[in-house]
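**Student:** Would you be able to build a 3D model of this:
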Amino acid sequence: MNYSVRKLDEEHYLEFFETTTSSGEGTELGDWLQTKAREYQKLHRSVVWIMGDADDPEDVIGYFTLSGYQITGGSLTKRLRSGIEPSQTHPAHLLGKFALRTEGQGKGMGELLMLEVFRKYRDVVAISGSRFLCLHVRNEELEKYYEGRYGFSTVSDGCGYPKLMVISTEAVLDLLRRVEESGKESYPS
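**Tutor:** Numbering: from 1, shown residues only. The predicted model follows:
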């Protein structure tokens, strides 16, 4: 499938975006896109990126958000903390929302959407400092997936979120380099 990714605008048709998992969870991500996404972007709380079919880009296949974030050195594992004092805060970015329309799930679109997350993150770090890309996960299944598939590590954020995961900027850039060298739109194993 050919697709395009662009910043949310007034042309995007959000009303019929629905997303659920096989267990029936996840409807709040569709609700958020329909009711809050434009407001969050207008207030500069996050940037909402929309994946649409290249032939009909206003029809939403999936979306993700990126926003500024901070992480303290004390939250990181020893391996990730190299050169970082425990009391120092460091710039990061948060992948706050990530969702695919229900009928787009199980077709490889999630990997393509994550690849776009990494590409947008690369664009951000080219103009603004960021040591880590972070995300919060809801359950152990997602935690294992992000760790095994992309190399995220679980850390403590010190704010009460039990499942904060991070990947270093260097790891994201290396992963993108390997994907682009392979000429495929999928991740090397």
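**Student:** mind listing the strands for the chain?
**Tutor:** With DSSP state E as the criterion, the chain has strands at 3-7, 47-53, 56-72, 89-100, 132-136, 153-155, 164-168.
**Student:** Give me the sheet partners of the fourth one and which way each runs.
**Tutor:** Right, the one you point to is strand 89-100. strand 56-72 (antiparallel), strand 132-136 (parallel) (DSSP bridges).
**Student:** just the first one next, same as before
**Tutor:** When pairs are called by DSSP bridges, strand 3-7 turns out to pair with strand 47-53 (antiparallel).
**Student:** ok, now the shortest one?
**Tutor:** Here the strand partners of strand 153-155, with direction, are listed using DSSP bridges: strand 164-168 (antiparallel).
**Student:** how far is the strand it pairs with from where the chain is centred?
**Tutor:** 11 Å (C-alpha atoms, centre = their mean, to the nearest Å).
**Student:** Format the CA atom coordinates belonging to it as PDB.
**Tutor:** Only the C-alpha atoms of strand 164-168 are listed here, as PDB (Å, rounded to 0.1, in the frame of the first residue of the first chain):
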ATOM      1  CA  LEU A 164       8.000   4.200  30.700                       C
ATOM      2  CA  MET A 165      10.100   2.800  27.900                       C
ATOM      3  CA  VAL A 166      13.000   4.600  26.200                       C
ATOM      4  CA  ILE A 167      15.300   4.100  23.200                       C
ATOM      5  CA  SER A 168      18.400   6.200  22.700                       C
END
